[in-house]
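*Asks:* this is a predicted model, with the sequence first.
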Amino acid sequence: MRAIYLILLCFCLVSIGAHAQQNAIKGQVTENATSAKMPNVFIKNINNNQAALTDDNGNFNIRGVMGNTLIFSSPGYVSDTLYVADMRFKDVKMIQLGITLRQVNVRGEKFDPRAEYPSVYQKSKVYVLSPTTWFGKEAKDARRLKKYFAHEVRERRVDSAFTRTYVSSIVPLKGNDLDVFMNLYRPTYEFVTSNTGESMAVYINDSYKKYMALPPEKRVVPKLVTGQE
């Protein structure tokens, strides 16, 4: 009897997996200029609120159907929008920004992933009597997304404290010079959450002195490297 139960359980899991694959949009994300494969690109289906990340080879698999719209985003790159006209394999090319500042004002500072993507947190849970929650692809993907969301929340907290408006009110930099300065001396999450506004102002002033002491060839944003973290 137990053997029959296990067989039926496996059959159900296979059927569910097959059904999910039939409603999956697949493709690969690469950098437009170099054709380098891009891992950890965040993908959102705005029609069904599904989310996914590209793997180490830039491949993605996200639930959706024809007529859906996908948004691709990665720090330092122009966000790309894809309308799914058919279910063929998608080749997505992302264009690098001239400067690597995060596009916070486009996405907004408020972000509550638990409220926005509750299914991700549910699927990421591990249950002792459910091996699929340990080793299943869906569960592993959910845990990757959960980790990504945690990082994103921290980054947006830094963004909200270290803004162009605030920094430019303290240092006499504008345009590209301001962008470069903010990239080179972006504070950590730990610093932002453990210091006051006065401490931030002191940090920015001290960083400005260091920036001005750099030779001109050093006042550049480090080149974005496409690859594994």
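*Replies:* Cool, got the structure. Numbering: from 1, shown residues only.

*Asks:* only C-alpha atoms for contact and neighbour calcs from this point on.
*Replies:* OK.

*Asks:* for this protein, which strand extends over the most residues?
*Replies:* strand 24-31 (DSSP state E).

*Asks:* quick one: residues contacting the residue sitting nearest the centre point of the chain.
*Replies:* Relative to the mean C-alpha position of the chain, the nearest C-alpha, by C-alpha atoms, centre = their mean, is the one of residue 42, at 4.4 Å. When contacts are counted by C-alpha atoms under 8 Å, 6 or more residues apart in numbering, residue 42 touches 51, 52, 53, 54, 72, 73, 74.

*Asks:* still on that earlier bit, quick one: residues in contact with the longest strand of the chain.
*Replies:* Outside strand 24-31, the residues that touch it by C-alpha under 8 Å, 6+ apart are 36-39, 41, 54, 57-65, 87-96, 226.

*Asks:* swap in 7 Å and give it another go.
*Replies:* Applying C-alpha atoms under 7 Å, 6 or more residues apart in numbering, the contact partners of strand 24-31 are 36-38, 58-64, 87, 89-95.

*Asks:* okay, it in PDB with CA atoms only?
*Replies:* Extracted C-alpha coordinates of strand 24-31, given in PDB (Å, rounded to 0.1, in the frame of the first residue of the first chain):
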ATOM      1  CA  ALA A  24       6.900  28.600 -18.900                       C
ATOM      2  CA  ILE A  25       8.700  31.400 -20.800                       C
ATOM      3  CA  LYS A  26      12.300  30.500 -21.300                       C
ATOM      4  CA  GLY A  27      15.300  32.400 -22.600                       C
ATOM      5  CA  GLN A  28      18.700  33.800 -22.000                       C
ATOM      6  CA  VAL A  29      20.000  37.200 -21.000                       C
ATOM      7  CA  THR A  30      23.300  38.600 -22.300                       C
ATOM      8  CA  GLU A  31      25.100  41.900 -22.400                       C
END
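
*Asks:* which SSE is immediately downstream of it?
*Replies:* Counting by DSSP states H and E, the element after strand 24-31 in chain order, helix or strand, is strand 42-45.

*Asks:* for that following strand, the distance to its chain's centre please.
*Replies:* Offset of strand 42-45 from its chain centre (C-alpha atoms, centre = their mean, to the nearest Å): 9 Å.

*Asks:* parallel or antiparallel, list what pairs with whichever helix or strand comes after it.
*Replies:* Tracing the chain past strand 42-45, the next element assigned as helix or strand by DSSP H and E is strand 50-53. Strand 50-53 pairs in its sheet with strand 42-45 (antiparallel), by DSSP bridges.

*Asks:* what subset of the contacts of residue 42 is buried?
*Replies:* 51, 52, 53, 54, 72, 73, 74 (16 or more other C-alpha atoms under 10 Å).

*Asks:* ok, back up a step: just the ones in strands from the contacts of strand 24-31, please.
*Replies:* Per DSSP E, the contacts of strand 24-31 map to strands at 59, 60, 61, 62, 63, 90, 91, 92, 93, 94.

*Asks:* looking at these, which has the most residues close by?
*Replies:* Among the ones in strands among the contacts of strand 24-31, the one with the most neighbours (other C-alpha atoms under 10 Å) is residue 60, at 23 neighbours.

*Asks:* how about the nearest residue to that residue once chain neighbours are set aside, what does it touch?
*Replies:* Nearest non-adjacent residue to residue 60, counting by C-alpha to C-alpha, 6 or more residues apart in numbering: residue 54, 4.6 Å away. If a contact means C-alpha under 7 Å, 6+ apart, then residue 54 has 39, 40, 41, 42, 60 as its contacts.
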